[in-house]
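Engineer: Provided below for reference: sequence and predicted model.
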Amino acid sequence: MMNDKRFNLFLVGAILVTISLLIGVHFVPEKRLVLVPDSIYPLYLMTEPLPDGRPSSEWTNPQHTNWNCYWPDNFHPGYFPCAWTLDLSPARERGIGVDLSRYDDMQIKINYTGPANKVRIVIRNFNPAYSTAADLNSTKFNALQLHTKELNQENRISLSAFAAADWWLNQFNIPLSDAAAELSNAMAISLDFGEPQPPGIHSFSIEKLEFRGAWVKVEDWYLAIISFWMVGIFIYTIRRMIQLNAQTKYDIRMINQLSENNEELKEETDKFRRLSTVDPLTKLYNRFGIDQIIASLLGKGYLQAPSTPLYSLLVVDIDHFKRVNDKRGHDVGDLVLQHVAKIIQTHLRKGDYVGRWGGEEFIVILPMSNKTIAMAMAEMIREAIFTTELDPEKPLLVSASFGVSERRPEEDFATCFKRADNALYKAKAQGRNCCVYAEEEL
């Protein structure tokens with residue numbers, strides 16, 4: 001009799017618990033990943049000097065959540081350098097980002113004033129099946145566009161609205177099986193313009209960016225409850241003890257599952273320095289800035305004429321730079337770097353780019369330029385460096401060696417750069433102060 005009473009109490013309790021679970025699932029708080037405000041991830045802004053000397057974009061608050069983009073009149077390069085980016089991959093060299101596929105929606109509030117019609121949100125995803133850590137552009141380009149009339153209010157956007165960009169799928173020859181949007185290993189989130197916009201000042205302020213999702217789907221929750229009752233009834237018809245044992249095992253499984261979920265919620269919160277795109281000494285692009293330019297050029301590759309390469313590269317190295325540092329000191333060495341940087345900038349065309357690659361080495365990107373143009377540009381810059389005296393009081397002539405390469409069809413940036421770098425070594429071997437064109441094969 002006592003056992004029957006206990007069973008009845010258990011049954012009543014099970015019914016009450018089931019009702020509570022059926023109702024309570026609708027009141028379980030969503031899991032959240034808050035990125036703005038108070039982001040633990042670095043934020044950076046793509047920018048470059050405009051023809052009038054102004055930057056193309058700049059921060060307007062110390063938290064790096066407000067910025068302005070200055071779109072000038074008659075601006076027609078292949079991309080506009082104004083992109084707000086949140087870096088989710090402090091371990092980019094290992095291809096480790098953040099799994100956003102565990103969430104259902106993105107909640108975002110962007111305040112905007114300006115003449116633009118649309119803005120673009122991009123999530124870059126790393127997958128070793130098609131991505132490499134050395135090539136940032138190989139991460140899948142998942143994007144969606146928002147009309148500016150939809151801004152200045154909080155928007156809840158389903159992550160299913162993101163789609164992989166057609167140009168990216170074509171660029172990397174992605175098969176249909178991998179063509180869908182992927183967010184399981186997000187490396188970065190960016191906000192930029194996906195198409196040309198009217199000139200003027202574009203002011204942005206991002207107040208909120210977070211991802212939300214249910215801990216468990218309602219239908220899965222209901223299915224689990226139904227399964228529990230079916231198993232319980234089946235076990236009861238055989239033996240009450242089996243039912244009790246099964247219930248115990250179920251409780252253990254639930255505890256283990258909760259323990260695993262708690263482990264998954266423990267994430268590292270190390271803070272990384274904000275990535276900069278500009279070298280502080282020469283005011284040229286640094287390596288990261290060059291990577292952004294290459295990614296943008298590849299993104300606009302569909303504008304390329306069939307007979308014209310997407311770009312050519314000049315790899316420039318100052319001759320005997322260590323000797324200058326040893327004899328004149330590092331202050332003079334810094335002046336030499338600034339001097340060479342200024343000469344290169346002076347001789348570039350509108351739409352060309354130059355960056356400091358490291359030490360005394362520079363890289364020049366000549367979009368839509370073939371071998372003939374690249375060699376002519378290299379020779380002109382080389383002669384200008386060699387014939388310009390740095391210090392009239394203590395005359396110092398500087399020379400530089402050049403390696404030149406023209407991007408071949410379907411060639412990645414790393415290979416094109418390596419060919420130019422090999423050509424630079426040949427220029428050094430031939431006595432320095434000369435330009436050498438790269439061989440077609442490594």
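Structural biologist: Cool, got the structure. This structure is a prediction, so every number in the text was calculated from the model and none was measured. Numbers count the residues shown, from 1 in each chain.

Engineer: tell me the domain ranges of the chain?
Structural biologist: Domain ranges of the chain: 31-213, 216-272, 287-437, per automatic domain parsing.

Engineer: show me where pLDDT drops low in the chain?
Structural biologist: Applying pLDDT under 70 to the chain flags the ranges 1-3, 25, 75-79, 91-93, 240, 243-245, 264-275, 301-306, 442.

Engineer: report the central residue of it.
Structural biologist: Centroid-nearest residue in the chain: A188, 4.0 Å away (criterion: C-alpha atoms, centre = their mean).

Engineer: what's opposite that one in the beta bridge?
Structural biologist: Counting by DSSP bridges, A188 forms beta bridges with D87, R124.

Engineer: give the buried residues for stretch 392-408.
Structural biologist: Within stretch 392-408, the residues scored as buried using 16 or more other C-beta atoms under 10 Å are L396, V398, S399, A400, S401, F402, G403, V404, S405, E406, R407. In this view, the C-beta of every residue, glycine as well, is placed from N, C-alpha and C.

Engineer: any chance of the residues you listed in TSV, plus distance to I365 and secondary structure?
Structural biologist: Formatted as TSV, the buried residues of stretch 392-408 follow (distance: C-beta to C-beta, whole Å; DSSP: H, G, I helix; E, B strand; the rest coil):
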residue	distance to I365	secondary structure
L396	28	coil
V398	22	coil
S399	22	coil
A400	17	strand
S401	18	strand
F402	14	strand
G403	14	strand
V404	12	strand
S405	11	strand
E406	12	strand
R407	10	coil
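
Engineer: in JSON lines, list the domains of the chain along with distance to I19.
Structural biologist: Shown next, in JSON lines, are the domains of the chain (distance: least, C-beta to C-beta, whole Å):
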{"stretch": "domain 31-213", "distance to I19": "24"}
{"stretch": "domain 216-272", "distance to I19": "10"}
{"stretch": "domain 287-437", "distance to I19": "54"}
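
Engineer: ok, which of these comes nearest S20?
Structural biologist: Using C-beta to C-beta as the measure, domain 216-272 is the one of the domains of the chain that comes nearest S20, at 10.7 Å.

Engineer: chain center to that closest one: distance?
Structural biologist: The chain centre lies 38 Å from the centre of domain 216-272; the measure is C-alpha atoms, centre = their mean, to the nearest Å.

Engineer: got it, and stretch 136-154?
Structural biologist: Centroid separation between stretch 136-154 and its chain, computed with C-alpha atoms, centre = their mean, is 13 Å.

Engineer: please apply the same query to stretch 324-340.
Structural biologist: Relative to its chain's centre, stretch 324-340 lies at 35 Å (C-alpha atoms, centre = their mean).

Engineer: what is the nearest of the buried residues of stretch 392-408 to W71?
Structural biologist: Nearest to W71, judged by C-beta to C-beta, of the buried residues of stretch 392-408 is R407 at 28.0 Å.

Engineer: wait, the closest one sits on T308?
Structural biologist: No: when contacts are counted by C-beta atoms under 8 Å, R407 is not listed as touching T308 (10.2 Å).

Engineer: what residues does the host helix or strand of A143 touch?
Structural biologist: Here A143 is covered by strand 140-147, with elements defined by DSSP states H and E. The list of residues contacting strand 140-147 from outside it, by C-beta atoms under 8 Å, 6 or more residues apart in numbering, reads 110, 117-127, 130-131, 155, 157, 161-165, 167-168, 181-183, 194, 299.

Engineer: alpha carbons only: can I get that strand in PDB?
Structural biologist: Extracted as PDB, the C-alpha positions of strand 140-147 are listed here (Å, rounded to 0.1, in the frame of the first residue of the first chain):
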ATOM      1  CA  LYS A 140      33.300  32.900 -46.600                       C
ATOM      2  CA  PHE A 141      31.700  36.300 -47.300                       C
ATOM      3  CA  ASN A 142      28.300  36.000 -45.700                       C
ATOM      4  CA  ALA A 143      26.400  39.300 -46.200                       C
ATOM      5  CA  LEU A 144      23.100  41.100 -46.100                       C
ATOM      6  CA  GLN A 145      22.100  44.700 -46.900                       C
ATOM      7  CA  LEU A 146      19.900  47.000 -44.900                       C
ATOM      8  CA  HIS A 147      18.000  50.000 -46.200                       C
END
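
Engineer: name the strands paired with that strand and say parallel or antiparallel.
Structural biologist: Applying DSSP bridges, one finds strand 140-147 paired with strand 118-125 (antiparallel), strand 163-164 (antiparallel).

Engineer: so which of those is nearest L209?
Structural biologist: Short answer: strand 118-125, nearest of the strands paired with strand 140-147 by C-beta to C-beta, at 9.5 Å.

Engineer: and the closest one, how far out from the chain's middle?
Structural biologist: Distance of strand 118-125 from its chain centroid, counting by C-alpha atoms, centre = their mean, is 10 Å.

Engineer: same check, this time on stretch 317-337
Structural biologist: Using C-alpha atoms, centre = their mean, the offset of stretch 317-337 from its chain centre is 35 Å.

Engineer: what residues does that stretch touch?
Structural biologist: Residues outside stretch 317-337 that contact it (C-beta under 8 Å, 6+ apart): 281-282, 340, 356, 359-362, 390-391, 394, 396, 398-401, 424, 428, 432-433.

Engineer: circling back to that earlier point, quick one: buried residues of the strand holding A143?
Structural biologist: Using 16+ other C-beta under 10 Å as the test for burial, strand 140-147 gives K140, F141, N142, A143, L144, L146.
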